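Enquirer: Any chance you can model this:
(one chain, ligands or ions: 1)
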Amino acid sequence: MKGQLNHPHLLGIQHLPLEDILLIFQTTDNFLKIQQGPIRKVPTLRDLTVVNLFFESSTRTRFSFELAERRLSADILNFSADSSSVSKGETLLDTVNNLIAMKVDMIVLRHPDPGAAIYLSNHIQANIINAGDGTHEHPTQALLDSFTLMRLWGSLQDKKIAIVGDIRHSRVALSDIFAFTKLGAQVQVCGPKTLIPPFMESLGVSVSYSLDNTLAWCDAVIMLRIQSERQEMAYYPSLREYTLQYSLTRERLEKQHKIIPILHPGPINRGVEITSELADSPQALILEQVENGVAVRMAVLYLLAGVPGAQ
Ligand code: CP
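Expert: A predicted model of the protein is given here:
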């Protein structure tokens with residue numbers, strides 16, 4: 001495997017060149033083959049130390065990064081805000097500077113504040129990977145979503161991809177929009193008016209308030225959960241009303257007379273944005289997304305390790 005990314009950090013998809021996305025996919029293909037073979041571990045990052053700095057809860061992203069790092073033979077430090085000196089008032093920058101003094105090479109950061117990864121990248125000398133910053137971006141999720149659809153279709157050119165649910169609070173929606181449009185797809189966001197920010201059309205996507213119309217339009221659908229933890233007010237009358245209008249059900253899909261692949265970044269709220277039956281159906285690519293996520297993250301770590309961390 002050969003190649004390097006153009007930038008020492010992965011902070012988002014918005015400014016990631018298309019050639020870097022395609023290089024990540026090529027490299028992911030190779031790591032996926034290794035993951036599916038008998039020996040999953042390679043010595044590639046043997047001399048590097050990676051810290052997983054998680055200031056917000058996570059299951060998929062955290063374990064996926066940790067597995068990716070272990071399978072590349074990196075040394076790993078895992079950090080939880082609750083059990084660190086952050087709970088005694090230490091700043092993010094002081095925390096990270098202490099880790100850098102211990103010769104950490106790469107930082108995987110999940111943080112509730114939009115822009116936290118960009119801020120760190122301006123102040124420290126290490127490769128930073130944004131593992132989700134508030135409502136801003138979640139670049140590795142968008143890469144694994146795009147990679148999953150690329151494997152299904154070969155190309156995203158002219159494909160129609162719908163993103164349904166709480167668009168306003170979703171970093172996945174924003175990163176997916178940047179990734180899918182760079183790869184030539186058309187994107188439509190769908191949800192209640194109150195959960196779709198007014199700037200969406202300026203990103204080159206169409207907006208729909210009808211799930212049935214969106215399903216008639218799309219080739220694949222990404223369902224998002226309602227992010228109650230980020231909602232400071234009520235955006236719809238009740239969860240029951242939201243579910244009646246925006247839940248993906250067998251009855252709704254059957255009206256379309258076509259097979260629509262279903263993606264979901266997780267965590268799923270079964271019975272809210274999607275029925276259990278559909279989440280577990282063969283047309284759901286949800287666990288394939290998770291499987292691809294490890295290989296995508298291996299590719300990102302490997303390609304960034306070739307670029308000296310810079311301020
Ligand atoms: N998709 C995703 O970011 O899931 P986690 O919050 O579990 O990491």
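Enquirer: May I see the buried residues of stretch 68-80?
Expert: Ala68, Glu69, Arg70, Arg71, Leu72, Ala74, Asp75, Phe79 (16 or more other Cβ atoms under 10 Å). All C-beta atoms are positioned from the backbone trio N, CA, C, and that covers glycine.
Enquirer: ok, and does it reach over to the ligand?
Expert: No: on the criterion Cβ under 6 Å from any ligand atom, stretch 68-80 is out of touch with the ligand, staying 13.2 Å away.
Enquirer: Please list the residues outside that stretch that contact it.
Expert: 34-35, 40-46, 48-54, 66, 95, 99, 104, 106, 294-295, 297-298, 301-302 (Cβ atoms under 8 Å, 6 or more residues apart in numbering).
Enquirer: what's the answer for stretch 252-264, then?
Expert: Contacts of stretch 252-264 (Cβ under 8 Å, 6+ apart): 145, 148-149, 152, 211-212, 215-216, 218-225, 248, 273-274, 278-279, 281, 283-286, 289.
Enquirer: Could you rerun that using 7 Å?
Expert: Contacts with stretch 252-264, where a contact means Cβ atoms under 7 Å, 6 or more residues apart in numbering, come from 145, 148, 152, 211-212, 215-216, 218, 220-223, 248, 274, 278, 283-286, 289.
Enquirer: buried subset of those residues?
Expert: The neighbour count (16+ other Cβ under 10 Å) marks 145, 148, 211, 215, 218, 220-223, 248, 274, 278, 284-286, 289 as buried among the contacts of stretch 252-264.
Enquirer: from the residues you listed, which ones fall inside helices?
Expert: In this view, these that belong to helices under DSSP state H are Asp145, Thr148, Leu211, Leu215, Leu278, Ile286, Gln289.
Enquirer: need the contact list for the closest residue to Asp105 other than its chain neighbours.
Expert: Spatially, and ignoring its direct neighbours in sequence, Asp105 is nearest to Leu48 (4.6 Å; Cβ to Cβ, 6 or more residues apart in numbering). Contact analysis of Leu48 by Cβ under 7 Å, 6+ apart lists Ala74, Asp105, Met106, Ala305.
Enquirer: Residues of this protein that sit close to the ligand?
Expert: Residues of the chain found near the ligand (Cβ under 6 Å from any ligand atom) are Ser58, Thr59, Arg60, Thr61, Arg62, Gly132, His138, Gln141, Pro265, Gly266, Pro267.
Enquirer: And what about the fifth one, helix, strand or coil?
Expert: Arg62 falls in the helix class when you classify it by DSSP: H, G, I helix; E, B strand; the rest coil.
Enquirer: now swap in the last one and tell me
Expert: The assignment at Pro267 comes out as coil when based on three-state DSSP.
Enquirer: from memory it sits against Arg225, does it?
Expert: Yes: contact criterion Cβ atoms under 7 Å: Pro267 and Arg225 qualify, at 6.5 Å.
Enquirer: Comparing those two, which residue is more hemmed in?
Expert: Higher neighbour count among Pro267 and Arg225: Arg225, with 19 against 11, using other Cβ atoms under 10 Å.
Enquirer: Contact partners for that one?
Expert: With Cβ under 7 Å, 6+ apart, Arg225 has these contacts: Gly165, Asp166, Pro267, Ile268, Asn269, Val272, Glu273.
Enquirer: Retrieve the pLDDT associated with it.
Expert: For Arg225, the model assigns a pLDDT of 93.
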